[in-house]
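J.: Okay, predicted coordinates and the sequence, questions at the end:
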Amino acid sequence: MREKFMKFLLAICFYVLQPMLWVGVVRAYLIHTNRVKRERRIFNSAIYEDFYEGRHFVRNGLMIGVIFSVVFGSLLMTSLQWLILYEGLCLIALILIPWQFLGVTLIGAAGILSLLLPQMTQFNFIEKWFVNMGISSHQVNPVNYLAILAVVIFATGLFVRANAGRFDSPAISRNKRNNKVAVYPFNELTIFPLLLLLPGDWFKIGLGFLPVFQINHHSFVILIVPILIGLKLTVRKSTPREFFRNLGKLMMLVAGLGILMVIGAAFNHKLVLPAMIFLMICYYGVILIVKHRDRKQQFEYSEVMDGIRIIGIQPGTPAAKMNLSVGDVILTVNDIQVSNDDQFYRALSTSPTYCRFKVRDRHDQLKMTESAIFKNSPHEIGVKTYTQSVE
């Protein structure tokens, strides 16, 4: 019993020591520092100083990993060949492609390569290397590759729905008329631990310290595999939170379609490869659809002449308590009409401890909102506007 427990701890250590995991941690930190630099470049001060990208990386990674490992841990099997291809592709993507996360593509590519390598003469050297190592993908039902792809698409939808659009960190762009407009990029990732079964023959010889189990007279090793998910996408006209919640929902619907394909492919393995390609097309298709809908909207987070457009709200400030949203236009402050930064802060100074805004929202509806402000500190109201931009 003690020996099995030690082997299980070693299996966990196998996950923790994966280079892919730590490269992902570094990438999450670099995403945070680049965002803070962008906010400071635009406003001279960051909107969100806290490392929420790291918080999401750890919290969501563990939550998704536990849920999916419990639900699918005894059902999903993969080959060592797939694992090597997948982790190699992830390391290359994380190190060499810093502007994009390709989590779903990498999962799909690893599965497709595992299926096609024996038939691709131009990559015979890779297949020979695996054969010389005693590694084969033929021991695994190919339906597992399709199932893992569907699981990762569903996990990506959950991650996007839970986190994207919660923190409105703007970047400044230009529209067709060359006017400044705010856009809202989402750029986060996590790596979650997924419990997978691998045929254990190779591990008995190569990595004997890992726990090997007998199931129906076949030996399997249980590995905790790091799985990369994430998304980089910019909202230009929609409400960011609504945009990403809708996108996350569509991703999960695509994953549901994938589960139906898994059931069909279980009866005919020849359907696995076209099903994987079709599922990836559907995944990126829903991304293109929501991006198209975003571009077709009439609204823009642009500068206005009759007020001050809010393009950022700093948390923990009076503005964060005033029922304001990015895209709102402040028309009056303390019943004084404002159209630039100087007028805005002069109007705030007329009442050093209290402010009252008349605001027009993105749907042209008027609302009144008010709050106490930091005594004698109207500049700390927490509203970020174009007139504060240094770009």
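T.: Cool, got the structure.

J.: Span of stretch 314-324 from start to end?
T.: This stretch, stretch 314-324, spans 11 Å end to end (Cα to Cα, to the nearest Å).

J.: in that stretch, what's buried?
T.: Neighbour counts over stretch 314-324 (16 or more other Cβ atoms under 10 Å) mark 314, 317-319, 322, 324 as buried. Bear in mind the C-beta positions are built from the backbone N, C-alpha and C, glycine included.

J.: Flag every buried residue along the longest strand seen in the chain.
T.: Looking across the chain with DSSP state E, the single longest strand is strand 180-199. Residues of strand 180-199 classed as buried by neighbour count (16+ other Cβ under 10 Å): 180-184, 186-199.

J.: for that strand, packing partners?
T.: Applying 3 or more Cβ pairs under 8 Å, 6 or more residues apart in numbering; DSSP states H and E, one finds that strand 180-199 makes contact with helix 19-43, helix 52-72, helix 80-96, helix 143-163, strand 171-174, strand 218-235, helix 240-265, strand 308-313.

J.: So which elements touch the last one?
T.: Yep, that's strand 308-313 we're talking about. Using 3+ Cβ pairs under 8 Å, 6+ apart, strand 308-313 is in contact with strand 180-199, strand 329-333, strand 383-385.

J.: now for these, which one comes closest to Phe68?
T.: Nearest to Phe68, of all these, is strand 180-199, at 5.8 Å by Cβ to Cβ.

J.: average pLDDT across that closest one?
T.: What strand 180-199 shows for mean pLDDT is 90.

J.: just for the stretch 101-250 of the chain, where's the confidence low?
T.: Residues of the stretch 101-250 of the chain that meet the criterion pLDDT under 70 lie in 101, 118-139, 200-220.

J.: hmm, I was thinking of the stretch 251-391 of the chain
T.: 374-379, 387-391.

J.: Would you map the helices across it?
T.: For the stretch 251-391 of the chain, helices defined by DSSP state H, counting those that start in this stretch occupy the ranges 272-296, 341-349.

J.: With distance to Ile31 and mean neighbour count as extra columns, can I get these in CSV?
T.: Shown next, in CSV, are the helices of the stretch 251-391 of the chain (distance: least, Cβ to Cβ, whole Å; neighbours: other Cβ atoms under 10 Å):
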stretch, distance to Ile31, mean neighbour count
helix 272-296, 19, 16
helix 341-349, 30, 17
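
J.: Now render the ones you listed as JSON lines, adding distance to Leu146.
T.: JSON lines is the format used below for the helices of the stretch 251-391 of the chain (distance: least, Cβ to Cβ, whole Å):
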{"stretch": "helix 272-296", "distance to Leu146": "5"}
{"stretch": "helix 341-349", "distance to Leu146": "55"}
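
J.: Let me see the contact set for the residue nearest the centre of the chain.
T.: A centroid search over the chain (Cα atoms, centre = their mean) returns Gly230, at 3.0 Å, as the residue closest to the centre. Taking Cβ atoms under 8 Å, 6 or more residues apart in numbering as the criterion, Gly230 is in contact with 101, 103, 156, 159, 188-190.

J.: swap the cut-off to 7 Å and go again
T.: The contact partners of Gly230, by Cβ atoms under 7 Å, 6 or more residues apart in numbering, come to 101, 103, 188-190.

J.: in the sheet, who's paired with it?
T.: Leu189 (DSSP bridges).

J.: Any figure for the gap between it and Thr105?
T.: Here the criterion is Cβ to Cβ, to the nearest Å. By it, Gly230 lies 11 Å from Thr105.

J.: re the thing from before, in CSV, please show the C-alpha coordinates belonging to the longest strand of the chain.
T.: As requested, C-alpha coordinates have been extracted for strand 180-199 and formatted as CSV (Å, rounded to 0.1, in the frame of the first residue of the first chain):
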residue,chain,number,x,y,z
LYS,A,180,-9.2,57.0,-31.7
VAL,A,181,-11.3,54.1,-30.5
ALA,A,182,-10.9,51.8,-27.5
VAL,A,183,-10.8,48.1,-28.1
TYR,A,184,-10.7,45.4,-25.4
PRO,A,185,-8.3,42.5,-25.8
PHE,A,186,-8.6,39.3,-23.9
ASN,A,187,-5.3,37.4,-23.5
GLU,A,188,-5.2,34.6,-21.0
LEU,A,189,-4.2,31.0,-20.7
THR,A,190,-4.1,28.2,-18.2
ILE,A,191,-2.7,24.7,-18.1
PHE,A,192,-4.9,22.1,-16.4
PRO,A,193,-4.0,18.6,-15.1
LEU,A,194,-5.9,15.9,-16.9
LEU,A,195,-5.8,12.3,-15.7
LEU,A,196,-5.2,10.0,-18.7
LEU,A,197,-4.5,6.3,-19.2
LEU,A,198,-1.5,5.2,-21.3
PRO,A,199,-0.5,1.7,-22.3
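
J.: now for the helices and strands packed on strand 180-199, which one comes closest to Ile112?
T.: Closest among those, once you apply Cβ to Cβ, is helix 143-163, at 7.9 Å.

J.: Pull up the gap between the residue of the chain most remote from its centre and Asp335, please.
T.: Distance from the C-alpha centroid of the chain, by Cα atoms, centre = their mean, peaks at Thr350 (44.0 Å). Using Cβ to Cβ, Thr350 is found at 9 Å from Asp335.

J.: Ser79 too?
T.: On the measure of Cβ to Cβ, Ser79 and Asp335 end up 71 Å apart.

J.: Ile381 too?
T.: Taken as Cβ to Cβ, the span from Ile381 to Asp335 is 16 Å.

J.: same check, this time on Gly24
T.: The value you get for Gly24 to Asp335, if Cβ to Cβ is used, is 52 Å.

J.: between the two, which one's more packed in?
T.: Neighbour totals were compared for Gly24 and Asp335, and Gly24 leads with 23 against 9 (other Cβ atoms under 10 Å).
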